[in-house]
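> Here's a sequence, model it:
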Amino acid sequence: MAESFSVTRRFFDDKNYPRGFSRHGDYTIRESQTLEQYGQAFKALDLGEREPVTEEEKAFVAFCRGEHPAETYFEKTWHKYRSRISTNKRVYTLSGVVGADNLDDFSAE
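Residues are numbered from 1 along each chain as shown. Have a look, this model is predicted:
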């Protein structure tokens, strides 16, 4: 496994997790460490920017392509990450403030 998912730098997602994975609350400590340590490899394999070398990486790519459900810990962790960032589009509105002078429009008759 030492050669599988080898990377030279840590993975960070400043757009979705500006304070880091562990401080956000979506992941366990182990999942946060796994994403930081192997996330660069996961991302490159997922996007096809890196060719899989080991059998473990080939299985990971097959998972990323939807050929089988997440089975290994790495696959489950990456699946969780992808799920979180695709649904991480929170929308905040100030609907109670905007148009507050038109509250009569919303009153029940």
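> How many residues are close by the closest residue to K58 other than its chain neighbours?
Counting by Cβ to Cβ, 6 or more residues apart in numbering, K58 lies nearest to P52, which is 4.4 Å off, once chain neighbours are set aside. No exception for glycine: its C-beta is placed from N, CA and C like everyone else's. P52 has 19 neighbours, counted by other Cβ atoms under 10 Å.
> Spit out the contact partners of P52.
Contact partners of P52, counting by Cβ atoms under 8 Å, 6 or more residues apart in numbering, are L45, K58, F60, V61.
> Helix or strand for it, just tell me which one.
Taking DSSP states H and E as the definition, P52 sits outside all helices and strands.
> Now the longest helix along the chain: buried residues?
Counting by DSSP state H, the longest helix found in the chain is helix 29-47. Neighbour counts over helix 29-47 (16 or more other Cβ atoms under 10 Å) mark 31-32, 34-36, 38-46 as buried.
> Check which helices and strands that helix is in contact with.
Counting contacts by 3 or more Cβ pairs under 8 Å, 6 or more residues apart in numbering; DSSP states H and E, helix 29-47 packs against helix 21-24, helix 55-64, helix 73-86.
> tell me which strands and helices the first one is in contact with?
Other elements packing on helix 21-24 under the criterion 3+ Cβ pairs under 8 Å, 6+ apart are helix 29-47.
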